[in-house]
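1. predicted model and sequence below, questions to follow.
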Amino acid sequence: MEPIISIKNLNKVYASGFEALKGVNLDIHKGEIFALLGPNGAGKTTLISAICGIVNPSSGEIFADGHNVVTEFRAARAKIGLVPQELTTEAFETVRSAVTFSRGLFGKPSNPAYIEKILKQLSLWEKRNAKMIELSGGMKRRVMIAKALSHEPQILFLDEPTAGVDVELRRDMWDMVRGLRDRGATIILTTHYIEEAEEMADRIGVINNGEIILVEEKSELMRKLGKRQLTLHLQSPIDSIPKELDSLPLELASDGHELIYTFDSQKEQTGIADLLRQLSKHDIDFKDLNSTQNSLEDIFVNLVRSDA
Amino acid sequence: MNFYAIRAIYLFEMARTARTLMQSIASPVLSTSLYFVVFGAAIGSRMGDIDGVSYGAFIIPGLVMLALLNESISNASFGIFFPKFSGTIYEVLSAPISFVEVVIGYVGAAASKSIVLGCLILATANIFVDYQIAHPFWMIAFLVLTAITFSLFGFIIGIWADNFQKLQVIPLMVVTPLTFLGGSFYSISMLPPIWQKITLFNPVVYLISGFRWSFVGTADVHIGISVGMTFLFMVLCLTFIWWIFRTGYRLRP
């Protein structure tokens, strides 16, 4: 598939000497929702800023829909919309004038009907004449999105879009992002909420210490790295795991009432049958069992830990 | 050329002025009018003519220039400093616009405001003092040229400043003293010979002298030198702004 964003060997060293990006290579496909995960200071915002023209790359190349973002910045930037992490707005501007300004800045002629459509989609129409200073945090976040969408971009960057947003608004935003993707836009989002990536992303990238350490289809990632856990609720609590079972990935939980067995669901031999035989041999009965799969959050934590 | 972007920035900045008419227009017009009342009508009536015109008429070009320099610098520096301060500069940096369009938008708006202000001050001066304009074309040319040049200078200050104090320090500590000592209230020929030479290092002398020439037809410095020095300062400002955008100095890390 032709990438809509292509990053080749991108490096960024700030004047302080801090190396924020180290040889980043990344392709983002047209029409996908790509979630970029990483701990604080991993380089997520620097990467987005370099693509959008807010930060000068030290070396490497970035292409947006085939246009080099440095040498063909007009064509490249016209295709990109950015919702930054911080709620940065002109306090005394009205909602409508702020969004109209953004459209003009990106070289589009005035189109009140389109601005009205965006404001209505984002439930901002009633507030169109309100000053930014009068809006709640959630409303300001919506205005930031409206500004980013005002010039009809093909690529939308959302840097922590739901930070500090209540659950209801977060769900609304997820629906809106899916709607944009359905209309053909490519969405790249960074988030601290693993739930958000798990809920929305088609592909996941993990960045840590300025390096992309993994890019994978979300479903494939969860399938590959997703460990399953079998929890056995014991008939009677036990003090310790029998020595003969030490070699198994077992742990005792809930004051001896539960045994948790971790296994790789992709392996042909999960070891469950052997486990059950061993338990029976040691007269450990259970009254119930259930199995769970690791969440994306567990996967993310493990990846970042192993990279550290 | 992204004309829609230039228009958007220009209208955005002009709208800010419309929201703050008292501060942007009324206040400088009032404070300059006070100079006309005190130095022109009250004290000026007891002073002799200078270069063949009344003292009130003599100080008009200097006072207009004083307001023009301060307002051009203030408008342009605040226009670019505030988006940096509030963080909204990200939008300008990520938009498909070159530094030429950014400068035309911000500096064009700042210069427009200053020119309107200069015209209002001249109109107000007419209430208190009788004056003639010997070379109207050159008067307008100097007004426009100075407004643009010092708006460019203000734009540089706005990018350089990383706090509100720095935003004020150049206009208050450098530009205002240079304007007062640049012949706003006196002719350079009234100074002792040594000071007449030293004062030629003050760039504002050339602006005031040229502007005054367009009013009264006489000048401390040849009109050609005045125009040349103003253009030179404009070119220096443009070069520095080009360097700022090329390197990203204080704008794009």
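-> Thanks, I have the structure now.
2. residue contacts, the residue in the stretch 151-300 of chain A positioned nearest to chain B?
-> Closest residue of the stretch 151-300 of chain A to chain B, C-beta to the nearest C-beta: residue A:151 (8.7 Å). Yep, even glycine has a C-beta here, placed from its N, CA and C like the rest. Applying C-beta atoms under 8 Å, 6 or more residues apart in numbering or on different chains, one finds that residue A:151 lies in contact with A:78, A:81, A:102-103, A:105-108.
3. contacting residues for residue A:100?
-> Residue A:100 sits next to A:110, A:112, A:115, A:150, B:8 when contact means C-beta under 8 Å, 6+ apart.
4. how about it, secondary structure?
-> helix (DSSP: H, G, I helix; E, B strand; the rest coil).
5. where do the helices sit along the stretch 51-200 of chain A?
-> A:73-78, A:95-105, A:112-121, A:137-149, A:167-182, A:194-200 (DSSP state H, counting those that start in this stretch).
6. please identify which of these is closest to residue B:239.
-> For those, the distance to residue B:239 is smallest for helix A:73-78, at 21.6 Å, taking C-beta to C-beta.
7. near chain A, which residues of the stretch 1-150 of chain B?
-> By C-beta under 8 Å from any C-beta of the partner chain, the part of the stretch 1-150 of chain B that sits against chain A consists of B:2, B:4-5, B:7-9, B:11-12, B:15, B:19, B:83, B:86-88, B:90-98.
8. make it 7 Å
-> Residues of the stretch 1-150 of chain B lying close to chain A (C-beta under 7 Å from any C-beta of the partner chain) are B:2, B:4-5, B:7-8, B:12, B:19, B:86-88, B:90-96.
9. dig out what the residue most central in space within chain A forms beta bridges with.
-> Nearest residue to the geometric centre of chain A (C-alpha atoms, centre = their mean): residue A:35, 3.3 Å. Counting by DSSP bridges, residue A:35 is bridged to residue A:189, residue A:204.
10. just checking, it touches residue A:202?
-> No. Assessed by C-beta atoms under 7 Å, residue A:35 is found out of contact with residue A:202, at 8.5 Å.
11. still on that earlier bit, figure out which of the helices of the stretch 51-200 of chain A is closest to residue B:206.
-> Using C-beta to C-beta, the nearest of these to residue B:206 is helix A:95-105, at 36.9 Å.
12. in space, what's closest to the residue of chain A found nearest chain B - neighbours in sequence excluded?
-> Taking C-beta to the nearest C-beta as the measure, chain A has residue A:104 as its residue closest to chain B, at 2.9 Å. Nearest residue to residue A:104, sequence neighbours excluded (C-beta to C-beta, 6 or more residues apart in numbering or on different chains): residue B:8, at 2.9 Å.
13. moving C-terminal of the helix or strand where the one you found lies, what's the next helix or strand?
-> Using DSSP states H and E, residue B:8 maps to helix B:3-19. Moving toward the C-terminus from helix B:3-19, the next helix or strand (DSSP H and E) is helix B:21.
14. which ones are touching the residue in chain B that chain A sits nearest to?
-> Taking C-beta to the nearest C-beta as the measure, the point where chain B comes nearest chain A is residue B:8, at 2.9 Å. By C-beta atoms under 7 Å, 6 or more residues apart in numbering or on different chains, the contact set of residue B:8 is A:101, A:104-105.
15. for those, give me a markdown table that also has neighbour count.
-> Output for those, formatted as a markdown table (neighbours: other C-beta atoms under 10 Å in any protein chain shown):
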| residue | neighbour count |
| --- | --- |
| A:101 | 22 |
| A:104 | 25 |
| A:105 | 28 |
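16. what mean pLDDT does stretch B:148-168 get?
-> Mean pLDDT, computed over stretch B:148-168, is 92.
17. now it - C-alpha only, PDB.
-> Taking C-alpha atoms only, stretch B:148-168 is exported to PDB below (Å, rounded to 0.1, in the frame of the first residue of the first chain):
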ATOM      1  CA  ILE B 148       6.800  49.600   7.300                       C
ATOM      2  CA  THR B 149      10.400  49.800   8.300                       C
ATOM      3  CA  PHE B 150       9.700  50.100  12.100                       C
ATOM      4  CA  SER B 151       7.000  47.400  11.900                       C
ATOM      5  CA  LEU B 152       9.700  45.100  10.500                       C
ATOM      6  CA  PHE B 153      11.900  46.100  13.400                       C
ATOM      7  CA  GLY B 154       9.000  45.500  15.800                       C
ATOM      8  CA  PHE B 155       8.400  42.100  14.300                       C
ATOM      9  CA  ILE B 156      12.100  41.200  15.000                       C
ATOM     10  CA  ILE B 157      11.700  42.400  18.600                       C
ATOM     11  CA  GLY B 158       8.500  40.300  19.000                       C
ATOM     12  CA  ILE B 159      10.400  37.200  17.800                       C
ATOM     13  CA  TRP B 160      13.500  37.900  19.900                       C
ATOM     14  CA  ALA B 161      11.500  38.700  23.100                       C
ATOM     15  CA  ASP B 162      10.700  35.800  25.400                       C
ATOM     16  CA  ASN B 163       9.000  37.800  28.000                       C
ATOM     17  CA  PHE B 164       6.900  40.900  28.300                       C
ATOM     18  CA  GLN B 165       9.800  43.000  29.800                       C
ATOM     19  CA  LYS B 166      11.900  42.400  26.700                       C
ATOM     20  CA  LEU B 167       9.000  43.400  24.500                       C
ATOM     21  CA  GLN B 168       9.100  46.800  26.200                       C
END
